[in-house]
Each structure stands twice: as structure tokens, then as C-alpha cells.
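Novice: generate coordinates for the sequence data below:
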Amino acid sequence: MPRFPGFAVAITCGIVVAAALAEAQESPIARRGTIVLQDVDDTGSAFSFRDGALVKPESKPELYSRIDLMLDLPHGLGANNPQASPRFSGKGGILDLGARPLAKIGKAPKAGYRPRLEAGAIVKGHSYVVLTADGAHYAKLEVINFDPDEGLLEFSWQYQPKPTNVFDQ
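Specialist: Numbers count the residues shown, from 1 in each chain. Here you go, the predicted model:
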């Protein structure tokens, strides 16, 4: 299995148990961190920028509204948007900004977002901006590692808790 910093694996009774570890700043709303997102079909988990954590909506259907991104292979990376999954009702989208470090992205574009990125469009070293599920907040992420065979996507991220497309530094 490939090594992903911030990713813990334990073997219990012969079963591999994996856990993603969010490394977020201490604040009521995590504004930045690094996470390993696993295929939603394997874990039932997706990511919420607002919470700065993984969300498992299967246990509480009302949590679907908190999801911003889900890794759904072989399809790709989906935003909370009915065009990405019929389970969603959000206004989210994703936009590829190319090979740019997060620190160089000060402002998210207001248009051009797609509900889903195909798996082949997820590129190590590329940065993406995300219009969150509520359609009023933005996040940015940089892909650190992507292994479609293992169903793992590691990325650094920053969330803007204010309803603006300008990121705090």
C-alpha cells in the first residue's frame, strides 16, 4: 500500500482498517489542513470544508447537506450538486487551476465550476477551487497524492468561512 502522510492503517483480526486524519487549525471552523479522502463506496465518507472533517451521511441523511466533496471512483471527484449525485441538493462545483501552489491562489473565480471532475482530471500537483454546497463559500485544495487503484486522494486545503471568493492569508 502506498504511503500517505496523515493516513493511519491498522490491522484488526486480519481486517485492514483505515482512518483519515484531518490536520486542521484550532478554531471553531477549521480553515486549512491536510486530509486523505477515500472512495465513498469503501468508507461511506465524504469531506466537509465547513466542518474540516470527514462526514458519514449514511448514519444521518441530513448530513448530505454538509458534504462538499466525495471521491467516487471510477467516476472521479464530485461536488455537492445534483448533477454529480442524485443524493445531493447543493450548488457546489470544482474548477481546475492547474499546477499552482495554494499560497498563490488569492481569489477563486466566480464562474466555470463543474459538478464533477473525472478521475483522469485529478492531477498530483494541481490546485482546484471548490464552490461549497451552499453556493456561497469557497475552498481551495492542492493534490498531494492520488492513487485511483487504492481509492485514495490526499490534498491540502483552505476554506474561506466568509461568503467571499477572496481567501484570507
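Novice: would you list every one of the helices in the protein?
Specialist: 40-43 (DSSP state H).
Novice: please name the nearest non-neighbouring residue to the residue minimising distance to the centre of the chain.
Specialist: Closest to where the C-alpha atoms of the chain average out (Cα atoms, centre = their mean) is residue 69, at 4.4 Å. Leaving aside its sequence neighbours, residue 69 sits nearest to residue 47 (Cβ to Cβ, 6 or more residues apart in numbering; 4.7 Å). To be clear about C-beta, it is placed using only N, CA and C from the backbone, and glycine gets the same treatment.
Novice: so the residue nearest to the centre of the chain bridges to which residues?
Specialist: residue 47, residue 79 (DSSP bridges).
Novice: quick one: it and residue 81 touch, right?
Specialist: No - the criterion here is Cβ atoms under 8 Å, and residue 69 misses it with residue 81 at 10.6 Å.
Novice: quick check: neighbours shared by these two?
Specialist: Listed contacts common to residue 69 and residue 81 are residue 92; contacts here mean Cβ atoms under 8 Å, 6 or more residues apart in numbering.
Novice: for stretch 51-60, buried residues please.
Specialist: 51-55, 57 (16 or more other Cβ atoms under 10 Å).
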